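# sequence plus the predicted model coming up.
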Amino acid sequence: MTGYPLRDRLALLAGLAGPFLVALALVPFRTDLSRTNAALILVVVVVAVAAIGSRMAGALAALSAAAWFDFFLTRPYQTFNITASADIETVVLLLIVGVIVSQLAARARRLEVITVTDAGYLARIHETADLAQSAKSSDTVVDHVRRQLTELLGLRACRFEYGTLVTPPPHELRGLLAMPVGLCDGPARPVGR
């Protein structure tokens, strides 16, 4: 467990201990509280662990919740033995919901990272576009883009070379493709220069 960051280790600990402590706290109310409600309370714990921790912590919390639900809240009490089929279904559903919630939480965290990263890239593009509109010289824009590329790609250096385009500029492309008037269902045909 030493290979995990502190946050993940704490989440794993919460995944083990959280459901245990909540199930233990529900013991005095187990005769008045329906087992479905008790399972839903444990699902809240699993969701909380999955939201703050890793996929592994959420799955561990789901497994822990199912085990402690069985041990403390189903008859015969304080055994890992279930006699009622409804309780077996509840334990299985508790496990399934916990694993699904863990997967969803992990996906949400990954999408959040992508969104924040993409927002940063978009901000750089806007910054460059604003500079391109307001800069007095093209060298200012080139230097700005060079710095951004060097930072973004982790380069030692990069340079801009003035030269010819690989493809002809748009004004030279006019006349290379022609579409006969009235014919819309066929592809454009190359026309010689």
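The structure has been received and is ready for your questions. Numbers count the residues shown, from 1 in each chain.

# residue nearest the middle of the chain, spatially speaking?
Nearest to the mean C-alpha position of the chain, by Cα atoms, centre = their mean, lies Arg110 at 2.2 Å.

# isn't Ala11 right next to Ala51, touching?
No. Between Ala11 and Ala51 there is no contact under Cβ atoms under 8 Å: 9.5 Å. From N, CA and C alone the C-beta is placed, and that goes for glycine too.

# what's the helix or strand for the residue nearest to the centre of the chain?
When secondary structure is defined by DSSP states H and E, Arg110 falls within helix 85-134.

# what is that helix packed up against?
Helices and strands touching helix 85-134, by 3 or more Cβ pairs under 8 Å, 6 or more residues apart in numbering; DSSP states H and E, are helix 35-52, helix 55-73, helix 138-153.

# looking at Ala11 and Ala51, which is more packed in?
For Ala11 versus Ala51, the count of surrounding residues by other Cβ atoms under 10 Å is larger for Ala11: 25 against 16.

# quick one: the more buried one from Cys158, how far?
Taking Cβ to Cβ, to the nearest Å as the measure, Ala11 and Cys158 are separated by 41 Å.

# next one: Thr150
Distance, Thr150 to Cys158, using Cβ to Cβ: 6 Å.

# again with Gly18
Using Cβ to Cβ, Gly18 is found at 50 Å from Cys158.

# try Pro19
Computed with Cβ to Cβ, the distance linking Pro19 and Cys158 is 53 Å.

# now render the helices and strands packed on helix 85-134 as a markdown table, adding distance to Leu95 and mean pLDDT.
Listed next are these as a markdown table, based on distance: least, Cβ to Cβ, whole Å; pLDDT from 0 to 100:
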| stretch | distance to Leu95 | mean pLDDT |
| --- | --- | --- |
| helix 35-52 | 9 | 92 |
| helix 55-73 | 5 | 93 |
| helix 138-153 | 43 | 90 |
